[in-house]
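Enquirer: okay, sequence plus prediction incoming.
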Amino acid sequence: MAIHTAKAESVLKEGMAVESTSRGFIIRADEAENIGGTNTAMNPVEMFLCSLGSCLCIAARMFATWQGIDLKEFQVSVEGDINPEGFLKGREVTRPGFQEIRTKIDIRANAPADRIDELVALIQSRCPVSETIMNGVRIAESHVAME
């Protein structure tokens, strides 16, 4: 199977508002008012947690179907600890990223506990967002000065 290249573009709008597009879909990001945003959308850190939860949910549906498990309900709660001083003051104070991310999966399916445990292990091992977080990825950056 060939490698698929996912693409997205993000444009800074007024204040801290950002509009991002991918495959014709639009999402917006903003920051809370207490740090200069207008609080019109989730911030990128919250979106990151939603991305992880969404990926786990999609993987659950796909792998449950493949394994013949009737998935009745699947819900993921995601929370992460981050110190804003890392972003505001730099790595010398603390790292700017998450220090820990926790997930809680609530699942209801018509399968015995051992099959559900196998399903959850498969989901966690194959979720691309989870795998990227656990193993990191190189970011190849470039920039162009616009006039």
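Expert: Arrived safely, thanks for sending. Numbering: from 1, shown residues only.

Enquirer: who touches the least confident helix or strand in the chain by mean pLDDT?
Expert: Here the helix or strand of the chain ranked lowest by mean pLDDT, DSSP states H and E is helix 84-89, holding a mean of 80. Helix 84-89 is contacted by residues 93-97 when judged by Cβ atoms under 8 Å, 6 or more residues apart in numbering. Every residue, glycine included, has its C-beta placed from N, CA and C.

Enquirer: nearest to D117 among those?
Expert: Nearest to D117 among the contacts of helix 84-89: G97, at 30.0 Å, using Cβ to Cβ.

Enquirer: that closest one: what's it in contact with?
Expert: Contacts of G97 by Cβ under 8 Å, 6+ apart are 82, 86.

Enquirer: tell me which of the contacts of helix 84-89 fall in strands.
Expert: Counting by DSSP state E, no part of the contacts of helix 84-89 is found in strands.

Enquirer: please tell me how far Q67 sits from R126.
Expert: According to Cβ to Cβ, to the nearest Å, Q67 stands 12 Å off from R126.

Enquirer: one step back: just checking, next helix/strand downstream of the least confident helix or strand of the chain?
Expert: The helix or strand immediately downstream of helix 84-89 is strand 98-109, counting by DSSP states H and E.

Enquirer: in the helix of greatest length in the chain, which residues are buried?
Expert: For the chain, the longest helix by residue count, based on DSSP state H, is helix 44-66. Buried residues in helix 44-66, counted by 16 or more other Cβ atoms under 10 Å: 45, 47-49, 51-53, 55-57, 59-60, 63-64.

Enquirer: ok, and what's touching that helix?
Expert: Contacts to helix 44-66, defined as Cβ under 8 Å, 6+ apart, come from residues 18, 27, 29, 42, 70-71, 74-80, 82, 98, 101, 103, 105, 107, 109, 119, 122-124, 126-130, 133.
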